[in-house]
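[1] please work out how this folds:
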Amino acid sequence: MDNRTKDIQKITLWGAFCNIALTIVKFVAGILGGSTAMLADAVHSASDLVTDIIVIVFTRISGKGKDKGHDYGHGKFETLATVVVSLMLLVVGAEMIKSSYQQIRSAVEGNPLPAPEMIALWAAVISIISKEILYQWTVKVGKRLSSPVVIANAWHHRTDALSSVGSLVGIAGAIALGGEWTILDPLVGAVISIVIIVMAVKMSIPALAELTEASLPEKTEQKMLEIIRSVEGVRGVHELKTRLCGHYCIADFHIVVDPETTILESHETTVIIERKLREEFGEETQINIHVEPSDDSL
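    The predicted structure is shown next:
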């Protein structure tokens with residue numbers, strides 16, 4: 001297992017341990033405190049634990065590198081994990097909206113929600129603090145490793161924190177004001193649910209684009225072309241094809257050289273191109289170059 005995979009596994013395992021503890025705390029607080037919001041929050045933490053398991057399994061596969069059955073490596077397994085985590089966020093967001101709607105409707109129809117106990121309030125405070133710390137730590141690691149699935153999982157931590165913020169507002173309002181003000185909990189929960197869904201969609205779009213073999217951004221391709229053309233001996237470049245495979249990119253292209261160039265000289269030119277591209281886009285960048293003579297050879 002490479003260092004990158006180890007770092008992903010480490011931060012995800014910390015998140016899993018935190019989610020196990022929070023799930024237990026929230027369920028106990030929800031039952032003892034008579035808070036349906038906290039019980040729903042506990043379910044959210046449990047869903048976070050499921051995504052942690054998905055990340056651990058898929059990133060372990062993606063870190064294998066090339067083998068006989070995967071000539072380009074296993075990078076797309078990490079991308080697939082990003083899509084799965086995003087879909088789970090969508091489901092969580094939709095379920096939260098559904099739950100909030102049902103509670104709001106019940107309150108509007110004259111059935112005020114019961115006021116919870118203080119233990120539920122303290123559980124929400126603990127969840128917010130621990131989950132926000134976990135989000136900041138996880139997203140920092142995700143950005144350092146250029147791992148979309150770790151960043152997606154970080155946002156799953158933050159959605160749990162936001163869910164707890166909604167619970168905190170609703171529980172505090174219900175305890176302090178009572179009566180019809182208990183509707184604050186599902187109202188805030190509905191707003192947070194929309195935020196969760198928007199974030200899930202934003203994270204899934206680039207992952208789905210990668211899985212459907214979308215090219216790299218035009219600016220990235222232009223930078224590649226500039227680097228290739230800057231190498232001595234390259235008269236032209238065409239047929240550039242690019243794509244992502246997890247955290248590294250793949251580039252295929254043709255270069256045009258002087259027809260009098262020897263095979264050895266052409267090889268040296270391709271080595272320089274590969275070195276320059278990897279310096280810019282990462283050591284794991286996969287490059288396939290086809291060399292052809294210029295038209296004056298005809």
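
[2] identify the residues contacting Asn19.
    Ser45, Ala46, Asp48, Leu49, Asp52, Asp160 (CB atoms under 8 Å, 6 or more residues apart in numbering). C-betas here are computed from N, CA, C, even on glycine.

[3] in CSV: the residues you listed, plus distance to Lys140 and secondary structure.
    Output for the contacts of Asn19, formatted as CSV (distance: CB to CB, whole Å; DSSP: H, G, I helix; E, B strand; the rest coil):
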residue, distance to Lys140, secondary structure
Ser45, 21, helix
Ala46, 25, helix
Asp48, 18, helix
Leu49, 21, helix
Asp52, 17, helix
Asp160, 18, helix
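
[4] low-confidence ranges, the protein, go.
    Residue ranges of the chain with pLDDT under 70: 1-2, 36-37, 61-75, 112-116, 178-180, 182, 184-185, 188-189, 247, 296-298.

[5] and the strands in it?
    When assigned using DSSP state E, the strands of the chain occupy the ranges 236-245, 248-257, 286-293.

[6] reformat these as TSV; add mean neighbour count and distance to Thr23.
    Formatted as TSV, the strands of the chain follow (neighbours: other CB atoms under 10 Å; distance: least, CB to CB, whole Å):
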stretch	mean neighbour count	distance to Thr23
strand 236-245	16	34
strand 248-257	19	35
strand 286-293	16	41
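
[7] that older thread, wait, which of the contacts of Asn19 is closest to Leu244?
    Among the contacts of Asn19, Asp52 lies closest to Leu244 (CB to CB), at 23.9 Å.

[8] for that closest one, give its distance to Ala107.
    34 Å (CB to CB, to the nearest Å).

[9] next one: Glu260
    Per CB to CB, Glu260 is found 84 Å from Ala107.

[10] kindly report the same for Val169.
    Taking CB to CB, one finds Val169 at 15 Å from Ala107.
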